[in-house]
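> Next one to model:
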Amino acid sequence: MSLVQRNLGFGGRIFLEEAEWLTYCRRKPVRYIRRPKAAVCRECGGPGTSENPLQSAHIIGFDVGVIDLALTPEFLDCDKNTVTAHRRTCNKQSELDLQGSMGRLRELGIKELPQYLPAVIQEAWRKATDN
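Numbers count the residues shown, from 1 in each chain. From the prediction side, this is the model:
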């Protein structure tokens, strides 16, 4: 029996607080998506197989999402940010790069990033929003 509550979540927040972000910059969080959302892969349209099963894949991945954009793991694991893809062949194709991830956040109505993020990220965000 644990005396400390855990997995309390982020209260629906999209962005990490600065102290949380700095902690995750030291070590990325664990992912908790357990089931595929669809019967076929979003990338190739094929069903899962025993050698290449379907799984939930992140649209904005954890490296870009947590480290570059300070997104909460809770947001990254939500339905808005996951699709079904083959584990071995299609998962990585589902994931956006930094510029694509910024575009995705704009599509979701995000207007600004946390001010504590590095200047290079803030500049990339400004360029992404100017387009």
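> Give me the neighbour count for Lys127.
Using other CB atoms under 10 Å, Lys127 has 11 neighbouring residues. The way it works is simple: take the backbone N, C-alpha and C, and place the C-beta from them, glycine included.
> Per-residue pLDDT of it, please?
At Lys127, the model reports a pLDDT of 90.
> That one is in what secondary structure piece?
helix 119-130 (DSSP states H and E).
> which helices and strands does that helix pack with?
When contacts are defined as 3 or more CB pairs under 8 Å, 6 or more residues apart in numbering; DSSP states H and E, helix 119-130 sits against helix 98-107.
> Just the residues contacting the helix it packs on, thanks.
Helix 98-107 has contacts (CB atoms under 8 Å, 6 or more residues apart in numbering) with 59-61, 64-65, 68-69, 81, 96, 124-125, 128-129.
> distance between the ends of stretch 37-54?
Taking CA to CA, to the nearest Å, stretch 37-54 runs 9 Å from one end to the other.
> for stretch 109-119, same thing?
This stretch, stretch 109-119, spans 22 Å end to end (CA to CA).
> Now do the buried residues in stretch 59-73.
59-62, 64-73 (16 or more other CB atoms under 10 Å).
> Could I get the full set of strands for this protein?
54-58, 82-86 (DSSP state E).
> For the last one, buried residues please.
If I follow you right, that is strand 82-86. Using 16+ other CB under 10 Å as the test for burial, strand 82-86 gives Thr82, Val83, Thr84, Ala85, His86.
> Show the contacting residues for the residue nearest to Gln122 when sequence neighbours are not counted.
Closest residue in space to Gln122, ignoring its immediate chain neighbours: Leu113 at 6.6 Å, by CB to CB, 6 or more residues apart in numbering. Contacts for Leu113 (CB under 8 Å, 6+ apart) come out as Phe15, Leu69, Ala70, Ile121, Gln122, Trp125.
> Having no further points to raise, I will conclude here.
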